[in-house]
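Chemist: When you get a sec, could you give me coordinates for this:
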Amino acid sequence: MSKIVRCPKCGSEVPEDNLRCFFCGSMLDISVGPLSFIANKKGGLVISIIAIITILFLLKWFF
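Modeler: Next up, the predicted model:
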C-alpha cells in the first residue's frame, strides 16, 4: 500500500505513486512517486549517462 502525500496546490491527500492530483490536476512533486529516482542527483546522472550512450550508439549504427 502506498503512502499518502499532500498536493502542493490544493492540499488534498493523494497516493504517493500518483503524478497528478485527483482533485485539481496539478503535477505532484517529482521527489515522491514512481519517478522519484530522477530527483536524486545520482539517479538523474545515471539516466543522463544512459541517454547519452544510447544516442551515441544509435548515431554510430546509422552512420
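Chemist: Measure how buried residue 7 is and give me the count.
Modeler: 20 (other CB atoms under 10 Å). Every residue, glycine included, has its C-beta placed from N, CA and C.
Chemist: Residue 23 is in contact with that one, correct?
Modeler: Yes: in this structure, residue 7 is within contact of residue 23 by CB atoms under 8 Å, at 6.9 Å.
Chemist: Next up, identify which helix or strand residue 48 is on.
Modeler: helix 41-62 (DSSP states H and E).
Chemist: quick revisit: any shared contact partners between residue 7 and residue 23?
Modeler: Common contacts of residue 7 and residue 23 (CB atoms under 8 Å, 6 or more residues apart in numbering): residue 14.
Chemist: related to what we said a few turns ago, now the helix holding residue 48 - C-alpha only, CSV.
Modeler: Presented in CSV, the C-alpha positions along helix 41-62 are these (Å, rounded to 0.1, in the frame of the first residue of the first chain):
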residue,chain,number,x,y,z
LYS,A,41,21.2,13.6,-8.2
LYS,A,42,22.8,10.2,-8.7
GLY,A,43,19.6,8.8,-10.4
GLY,A,44,19.4,11.8,-12.7
LEU,A,45,23.1,11.4,-13.6
VAL,A,46,22.6,7.7,-14.3
ILE,A,47,19.6,8.5,-16.6
SER,A,48,21.7,11.1,-18.4
ILE,A,49,24.6,8.8,-19.0
ILE,A,50,22.3,6.0,-20.3
ALA,A,51,20.6,8.5,-22.7
ILE,A,52,24.0,9.8,-24.0
ILE,A,53,25.3,6.3,-24.5
THR,A,54,22.1,5.3,-26.3
ILE,A,55,22.2,8.3,-28.6
LEU,A,56,25.9,7.7,-29.4
PHE,A,57,25.2,4.1,-30.2
LEU,A,58,22.3,5.0,-32.5
LEU,A,59,24.4,7.6,-34.3
LYS,A,60,27.2,5.1,-34.8
TRP,A,61,24.8,2.5,-36.1
PHE,A,62,23.1,4.8,-38.5
